[in-house]
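**Q** output the structure for:
(2 chains)
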Amino acid sequence: GQQLNQSPQSMFIQEGEDVSMNCTSSSIFNTWLWYKQEPGEGPVLLIALYKAGELTSNGRLTAQFGITRKDSFLNISASIPSDVGIYFCAGRNAGGTSYGKLTFGQGTILTVHP
Amino acid sequence: DTAVSQTPKYLVTQMGNDKSIKCEQNLGHDTMYWYKQDSKKFLKIMFSYNNKELIINETVPNRFSPKSPDKAHLNLHINSLELGDSAVYFCATKPTDHYGYTFGSGTRLTVV
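**A** Down below sits the predicted model:
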């Protein structure tokens, strides 16, 4: 089946640092999404991207839909302790139905030291 | 009111038992999903329903049977539970016009 390669698998950073993570796919995607999951909770949508080259911000978060449609990245600026969690990329491939089946990356575990 | 609520939150049961997990949404979304998250946090789709109709079944053992009695509910029944079924199961919903799923807070199933 389809796979999304998300990297890095984990990050340990100091409060105030910027963070960057990315996702690549072997196939073309029409939609890229970024989610954050906190312990004991389900993933929560952070940013959705629908067009190749699109750059979207949500507060300190910025994500881009790669021009090739096979990759996306997420940046977090000036990290704070509450940014801790697992970040997932997810994509819907070009051949997907309108029912929205998403494929998820393996997740990036972010730890922020105060 | 929780948008997507799952019950129970935790479920510990013995091998061979049959159990059900329930999901209810008050968002009015047409499409509902079951995802399984394994111990490595990998999220894998299991089933999808659109307006009570099964549209995605991702090679899940037939011990797993989803049921959607109405558009607001999607339940998951598991027969003859096995150790490998231990995982967190998430219900999610999606509106018609975009791909931002809303997830429930998960059901942690432990089979002993």
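
**Q** contacts and neighbour counts: CA atoms only from here.
**A** Will do.

**Q** residue contacts, A:V44?
**A** Residues in contact with A:V44 (Cα atoms under 8 Å, 6 or more residues apart in numbering or on different chains) are A:Y35, A:K36, A:Q37, B:T102, B:F103.

**Q** in PDB, list the C-alpha atoms belonging to stretch B:78-89.
**A** Provided in PDB are the C-alpha atoms of stretch B:78-89 (Å, rounded to 0.1, in the frame of the first residue of the first chain):
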ATOM      1  CA  ILE B  78     -14.700  -7.500  17.600                       C
ATOM      2  CA  ASN B  79     -15.200 -11.300  17.900                       C
ATOM      3  CA  SER B  80     -12.700 -13.800  19.400                       C
ATOM      4  CA  LEU B  81     -10.300 -11.100  20.600                       C
ATOM      5  CA  GLU B  82      -6.600 -11.900  20.100                       C
ATOM      6  CA  LEU B  83      -3.500 -10.400  21.800                       C
ATOM      7  CA  GLY B  84      -2.600  -8.600  18.600                       C
ATOM      8  CA  ASP B  85      -5.800  -6.700  18.700                       C
ATOM      9  CA  SER B  86      -4.400  -4.600  21.600                       C
ATOM     10  CA  ALA B  87      -4.200  -1.100  20.300                       C
ATOM     11  CA  VAL B  88      -5.900   2.300  20.400                       C
ATOM     12  CA  TYR B  89      -8.900   2.500  18.200                       C
END
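
**Q** you'd agree B:L83 is up against B:N17?
**A** No: taking Cα atoms under 8 Å as the definition, B:L83 is not a contact partner of B:N17, at 11.0 Å.

**Q** for A:G16, helix, strand, or coil?
**A** Counting by DSSP: H, G, I helix; E, B strand; the rest coil, the backbone at A:G16 sits in coil.

**Q** returning to that earlier point: most neighbours out of the contacts of A:V44, which is it?
**A** Highest neighbour count within these: B:F103, with 25 neighbours (other Cα atoms under 10 Å in any protein chain shown).

**Q** what's across from the nearest residue to that one once chain neighbours are set aside in the sheet?
**A** Closest residue to B:F103 apart from its sequence neighbours, by Cα to Cα, 6 or more residues apart in numbering or on different chains: B:A92 at 4.2 Å. Counting by DSSP bridges, B:A92 is bridged to B:Y33, B:F103.

**Q** okay, now B:A92: neighbour count?
**A** Quick note: B:A92 (other Cα under 10 Å) scores 28 neighbours.

**Q** I'd like the distance between it and A:L55.
**A** 26 Å (Cα to Cα, to the nearest Å).

**Q** report the secondary structure state of B:N17.
**A** Following three-state DSSP, we place B:N17 in the coil state.

**Q** help me confirm that it comes into contact with B:D85.
**A** No: using Cα under 8 Å, B:N17 is not in contact with B:D85, being 11.5 Å away.

**Q** who's more crowded, those two?
**A** Higher neighbour count among B:N17 and B:D85: B:D85, with 17 against 12, using other Cα under 10 Å.

**Q** out of everything not next to it in sequence, what's closest to that one?
**A** B:V111 (6.9 Å).

**Q** per-residue pLDDT of that neighbour, please?
**A** Each residue has a pLDDT score; the one for B:V111 is 98.

**Q** how about the residues of chain B near chain A?
**A** Within chain B, the residues that sit near chain A (Cα under 8 Å from any Cα of the partner chain) are B:31, B:41-45, B:50, B:90, B:94, B:96, B:99-106.
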